[in-house]
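Engineer: coords below, sequence missing:
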């Protein structure tokens, strides 16, 4: 039984080492194909509601700079369409803004009448719920066989406990799912390692 545990631990370690972290940022073009405009009465509120934004994501505003701009504003300024004291102003027509913190990020067009016509957007980056358990990490330190000379009694006891836990199919399945971290490539690699090692 201990041999199976060692092989599983080795397979998980290989997958953890070979899988790049899934922290790639997404790029969201505001308004999708419509872009940042007043033409067509695009609903930017609805557009933002269909997205899941994360810290590190890039918000891209594409527009004609002679007719529009982008101003990041406070919540009060957003609600009242007041562009007199922006936090930041963008005017290139191809503005990439990286989200650096959780919470609401309010943007509007500062051209008179445009915000009132609906050219404003609230990018909300929710905090990760504390009720979700963090993804466990797999140590790259090999698990020793309890019969290995020099293994301390306490280390052998810990290994026995791990072996007991890993014999429970539901726990093994949970560990496999968590180690995939939502990454299909990781799941394929893990399955391949299990086939080879087990």
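Structural biologist: Right, received. Where do you want to start? A quick note: this is a predicted structure, and the numbers were derived from the prediction, not measured.

Engineer: low pLDDT regions in the chain?
Structural biologist: 1-23, 129-198 (pLDDT under 70).

Engineer: can you do 90?
Structural biologist: Within the chain, the stretches with pLDDT under 90 are 1-25, 40-41, 127-198.

Engineer: the helices in it, which residues?
Structural biologist: Along the chain, the stretches classed as helices by DSSP state H are 2-18, 44-49, 75-80, 153-166, 169-180, 184-197.

Engineer: ok, the nearest residue to residue 109 once chain neighbours are set aside - contacts?
Structural biologist: With CB to CB, 6 or more residues apart in numbering as the criterion, residue 109 has its nearest non-adjacent residue at 4.0 Å, and that residue is residue 119. C-betas here are computed from N, CA, C, even on glycine. Counting by CB atoms under 8 Å, 6 or more residues apart in numbering, residue 119 touches 36, 37, 38, 44, 68, 108, 109.

Engineer: Of these, which is the nearest to residue 75?
Structural biologist: Using CB to CB, residue 108 comes nearest to residue 75 of the contacts of residue 119, at 11.5 Å.

Engineer: quick one: that closest one from residue 43, how far?
Structural biologist: Using CB to CB, to the nearest Å, one gets 14 Å for the distance from residue 108 to residue 43.

Engineer: So if I had to pick from these two, which one is more boxed in?
Structural biologist: Neighbours per residue, other CB atoms under 10 Å: of residue 108 and residue 43, the larger number sits with residue 108, 25 against 13.

Engineer: which residues does the more buried one form a beta bridge with?
Structural biologist: Assessed by DSSP bridges, residue 108 has beta-bridge partners residue 71, residue 120.

Engineer: got the contact list for it?
Structural biologist: Contacts here follow CB under 8 Å, 6+ apart; on that basis residue 108 touches 70, 71, 73, 77, 78, 81, 83, 114, 115, 119, 120, 121.

Engineer: Let me know the closest of the residues you listed to residue 93.
Structural biologist: Closest approach to residue 93 among these (CB to CB): residue 70, at 9.4 Å.

Engineer: where's that closest one relative to residue 87, distance?
Structural biologist: Per CB to CB, residue 70 is found 11 Å from residue 87.
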